[in-house]
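Trainee: coords please:
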Amino acid sequence: MKKIKKYIIFFTILLIAIIIALVVMTTGRRKINSEFKVGEYGDADENYEENHVIEETVKKVDNRTEYYIVKNIIDKYFEYIDVTNTNPSTELERLDSDFAIETISGMLSPKYIEEFNITSEKLINELQKYKNCDYNIEEMYTKEKTINITTYLINVNVSQIGNLYFIVGVDFENNIFEIYGDEYVKKYKYNEDTQTLKNFEINNIEKNSFNTYTGEIVTDQDIAISYFNDYKYNMLNNVEKAYNSLDEEYRNKRFGSLEEFSRYIQENIDIFRDISINEYICNNKGDYTEYVCRDQNEYVYIFKETAIMDYTLQLDTYTIPSEDFIKEYTDANVKEKVTMNIQKFMDMINNHDYKSAYNVLNKEFKDKYFKTEEDFKQYIKNTYFEINRLGLKEFTDENGVYVYTGIMRDSMSDDVEYGKDMNIVMRLKSGTEFEMSFEVY
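Mentor: Sure, this is the predicted structure:
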């Protein structure tokens, strides 16, 4: 009898323990699910999994190495697209085109290929729309990774087409990836309004001959080139975005409006189409990094980076003088100050910033020779060169009126002998201000 009571007590305790464990497990599952945004779904039945929509918010990529690994994958993808659109006329070119199609197919997710029944012939026809198009990565997002695989959502602007979305899954352990195309992303997985991926998970990537990548060290030069190319693309294809990338105080002072900036771009569009980065300097400013780039025409681009692909930009050093310039100018002697101001004026001329250049001219000089900014602009364009270089010669001080003789030469020409005299007269004012005039032909 005692043994029976012991068994009853034992089984009662065991039953209570099982009930408690089930309650804890159920509570735990509810807690985990509550961390996701859950869409509406019906009663618990056989359609539960189909109706249960989990939306996972994506966030901007803030890891430099990851960003450039994925960027290089997208770049490689578009490089092979260019090869398919070269209209091959020789056997070798046809072989290159066939290899490019094979490579692109190997980069794409098998699931994506199967879903949209993508054959080589269909792929060739589809890629025709990219012909003669440029592209630029607008934004890159990521979401929580699985055991080995991280998922990235990339917003790519393609000229003449618009914005396309790609998903790239990267297996960092095995250095492999796969790509899902725009139609897959938009039809099934991405909500552009809420920036969420729905029920999307990459659990495995199969390695093939075309979906491997090599991790490379990201240098300051890589970043400088990326920012330069990003601004150039937007300047040529999305003027409003290029304008908004300018530092707010700077753009208001230099241009004043989107319309004025657009006019500046259009007047110089032939120059801007051909610009490329020629040199750069990287300066660590503590809470931000500064990349000062210069193109082959000596135009300057000052990028202020606060996070990866998050920057503001200035297009000259004179509109808003830096603290370093102000200190250097303050410590300079008279001759050095005049030289620095002349360089400012030359930068304004070469930047085709006729408004700023006109504003530093002496009032009586303007009234006599250039009654309007347009008069001044036409004189400079008709008299001097596209990109000018002023060689200074003799400096004189005539009771606080400073005169520098010089020769204006074509910066784009190798002819060092040919030039035009340009003698400058200058008065220094308070701070870094000055006024000047020059010899008029």
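Trainee: drop to CA atoms for contacts and neighbour counts, all remaining ones
Mentor: Fine.
Trainee: how about the strands of the stretch 151-300 of the chain, start to end?
Mentor: With DSSP state E, counting those that start in this stretch as the criterion, the stretch 151-300 of the chain has strands at 162-171, 176-180, 190-191, 196-198, 277-284, 289-295, 300-307.
Trainee: and the contacts of the fifth one?
Mentor: It refers to strand 277-284. 220-221, 224-225, 228, 289-296 (CA atoms under 8 Å, 6 or more residues apart in numbering).
Trainee: just checking: what are the partner strands of that strand?
Mentor: Each strand paired with strand 277-284, and its direction, by DSSP bridges: strand 289-295 (antiparallel).
Trainee: which residues are contacting the partner strand?
Mentor: So strand 289-295 is in contact with 224, 228, 275-284, 300-306, going by CA under 8 Å, 6+ apart.
Trainee: quick revisit: please identify the most buried of the strands of the stretch 151-300 of the chain.
Mentor: Of the strands of the stretch 151-300 of the chain, the one with the most neighbours on average (mean count of other CA atoms under 10 Å) is strand 176-180, at a mean of 24.
Trainee: could you dump the strands of the stretch 151-300 of the chain to a markdown table with mean pLDDT and distance to Glu417?
Mentor: Formatted as a markdown table, these follow (pLDDT from 0 to 100; distance: least, CA to CA, whole Å):
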| stretch | mean pLDDT | distance to Glu417 |
| --- | --- | --- |
| strand 162-171 | 95 | 49 |
| strand 176-180 | 97 | 57 |
| strand 190-191 | 80 | 63 |
| strand 196-198 | 81 | 63 |
| strand 277-284 | 95 | 25 |
| strand 289-295 | 96 | 24 |
| strand 300-307 | 96 | 27 |
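Trainee: any regions of the chain where pLDDT drops low?
Mentor: Scanning the chain for pLDDT under 70 picks out the ranges 1-55, 144-147, 416.
Trainee: any idea how it splits into domains?
Mentor: As given by automatic domain parsing, the domain ranges for the chain are 2-35, 59-198, 220-314, 333-438.
Trainee: nearest to Ile205, of the ones you listed?
Mentor: domain 59-198 (6.8 Å; CA to CA).
Trainee: and for the closest residue in space to Tyr418 that isn't next to it in sequence, the neighbour number?
Mentor: Nearest residue to Tyr418 in three dimensions, chain neighbours excluded: Arg409, at 6.7 Å (CA to CA, 6 or more residues apart in numbering). Close neighbours of Arg409, defined as other CA atoms under 10 Å, add up to 23.
Trainee: element containing Arg409?
Mentor: Per DSSP states H and E, Arg409 falls inside strand 401-410.
Trainee: do the same with Val425
Mentor: strand 424-428.
Trainee: now swap in Met348 and tell me
Mentor: Counting by DSSP H and E, Met348 is found in helix 334-350.
Trainee: list the buried residues in the helix or strand that that helix is followed by.
Mentor: Note on helix 334-350: by DSSP H and E, the next helix or strand toward the C-terminus is helix 354-359. Across helix 354-359, burial judged by 16 or more other CA atoms under 10 Å covers Tyr354, Lys355, Ser356, Ala357, Tyr358.
Trainee: which other residues reach helix 354-359?
Mentor: Helix 354-359 is contacted from outside by Arg254, Phe345, Met348, Ile349, Glu373, Phe376, Lys377, using CA under 8 Å, 6+ apart.
Trainee: just stretch 318-334 next, same as before
Mentor: Residues from elsewhere that reach stretch 318-334 (CA under 8 Å, 6+ apart): Tyr250, Lys253, Arg254, Glu336, Lys337, Met340, Lys344, Gly431, Thr432.
Trainee: 10 Å instead?
Mentor: 249-251, 253-254, 314, 317, 336-338, 340-341, 343-345, 347-348, 356, 397, 400, 402, 428, 431-432 (CA atoms under 10 Å, 6 or more residues apart in numbering).
Trainee: tell me how far Leu258 lies from Lys304.
Mentor: For Leu258, the distance to Lys304 (CA to CA, to the nearest Å) stands at 21 Å.
Trainee: swap in Ser89?
Mentor: Counting by CA to CA, the gap from Ser89 to Lys304 is 46 Å.
Trainee: returning to what we had before: for the contacts of strand 277-284, could you give me TSV that also reports distance to Asn268?
Mentor: Shown next, in TSV, are the contacts of strand 277-284 (distance: CA to CA, whole Å):
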residue	distance to Asn268
Asp220	29
Gln221	26
Ala224	23
Ile225	21
Phe228	17
Thr289	29
Glu290	26
Tyr291	24
Val292	21
Cys293	19
Arg294	17
Asp295	15
Gln296	15
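Trainee: farthest-apart pair in these, please.
Mentor: Thr289 and Gln296 (23.0 Å).
Trainee: ok so, going back, list buried residues within the contacts of stretch 318-334.
Mentor: Counted by 16+ other CA under 10 Å, the contacts of stretch 318-334 give 250-251, 254, 314, 337-338, 340-341, 344-345, 347-348, 356, 402, 428 as buried.
Trainee: looking at those, which one is closest to Ile269?
Mentor: Met348 (17.3 Å).
Trainee: could you check how far that closest one is from Cys133?
Mentor: Distance from Met348 to Cys133, by CA to CA: 33 Å.
Trainee: from what I see, Val300 and Asp316 are in contact.
Mentor: Yes. Using CA atoms under 10 Å, Val300 is in contact with Asp316, at 5.8 Å.
Trainee: overlap in contacts of those two?
Mentor: Shared contacts of Val300 and Asp316, counting by CA under 10 Å, 6+ apart, come down to Asp347, Asn351.
Trainee: ok, and the closest non-adjacent residue to Val83?
Mentor: Ser97 is the one closest to Val83 (CA to CA, 6+ apart), at 5.8 Å.
Trainee: what strand or helix carries the one you found?
Mentor: Using DSSP H and E, Ser97 falls in helix 91-107.
Trainee: ok and that helix relative to strand 162-171, angle-wise?
Mentor: Helix 91-107 runs at 70 degrees relative to strand 162-171, counting by axes from the mean of the first three to the mean of the last three CA atoms, to 10 degrees.
Trainee: ok and helix 91-107 relative to strand 176-180, angle-wise?
Mentor: Going by the same axes, to 10 degrees, helix 91-107 is angled at 90 degrees with respect to strand 176-180.
Trainee: go through helix 91-107 and flag the buried ones.
Mentor: Those would be Arg94, Asp96, Ser97, Asp98, Ala100, Ile101, Glu102, Thr103, Ile104, Ser105, Gly106, Met107, for helix 91-107 by 16+ other CA under 10 Å.
Trainee: what is that helix packed up against?
Mentor: helix 64-84, helix 120-127, strand 176-180 (3 or more CA pairs under 10 Å, 6 or more residues apart in numbering; DSSP states H and E).
Trainee: perfect, I'm done here.
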